[in-house]
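Student: okay, here's the prediction I keep looking at, along with the sequence it came from:
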Amino acid sequence: MSESPVSGAREMTVAAAFAGMKRVVPVVFKAGCPDCRGRFELSAGALRLAIGATSRTTFYSFTCPDCGVSVRKPAGERIVELLTGGGVKTLRLHSTV
């Protein structure tokens, strides 16, 4: 089976494909440390999301940039949606089958 170009189709360059796109602004999340009470913004790469079998085992975590303590906070449905939509890496702690 041979493939042939579609009649009348033009080749598109990468520059033309991305010509209408605007600059992408990195997503940042506001967070706070329960130990030192610091308030700061974190990039998606600074957060981790763990999705467990129940709401009690679903949480996000990060290291406080002010005091260095490891912070773990519960994540409800809305938080999970925001973090995953913002590009935070996710670990599933249970099977989805």
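Tutor: Looks like it came in fine. Residues are numbered from 1 along each chain as shown.
Student: out of the helices and strands in this structure, which is least certain?
Tutor: Sorting the helices and strands of the chain by mean pLDDT, DSSP states H and E puts helix 14-17 at the bottom, at a mean of 72.
Student: which residues does the residue nearest to the spatial centre of the chain contact?
Tutor: For the chain, Gly87 is the residue whose C-alpha lies nearest the centre (C-alpha atoms, centre = their mean; 1.7 Å). Gly87 makes contact with 27, 44, according to C-beta atoms under 8 Å, 6 or more residues apart in numbering. Using the backbone N, CA and C atoms, a C-beta is placed for each residue, glycine as well.
Student: for it, grab phi and psi.
Tutor: Main-chain torsions, Gly87, degrees, to the nearest 10: phi 90, psi 10.
Student: could I get the full set of strands for this protein?
Tutor: Secondary structure of the chain by DSSP state E: the strands cover 28-32, 39-43, 48-51, 59-63, 70-74, 89-92.
Student: looking at the ones you listed, which is closest to Ala15?
Tutor: strand 39-43 (28.3 Å; C-beta to C-beta).
Student: direction included, what does that closest one pair against?
Tutor: For strand 39-43, the paired strands and their directions (DSSP bridges) are strand 28-32 (antiparallel).
Student: how about the partner strand, which residues are buried there?
Tutor: 29, 31 (16 or more other C-beta atoms under 10 Å).
Student: mind giving me the packing neighbours of the helix of greatest length in the chain?
Tutor: In the chain, taking DSSP state H as the definition, the longest helix is helix 77-85. Where contact means 3 or more C-beta pairs under 8 Å, 6 or more residues apart in numbering; DSSP states H and E, helix 77-85 is packed against strand 48-51.
Student: got any ranges where this structure has weak pLDDT?
Tutor: 1-10, 12, 18, 21-24, 94-97 (pLDDT under 70).
Student: try it again with 80
Tutor: 1-25, 94-97 (pLDDT under 80).
Student: I'd assumed Arg72 was in contact with Phe59.
Tutor: Yes: at 5.4 Å, Phe59 counts as touching Arg72 under the criterion of C-beta atoms under 8 Å.
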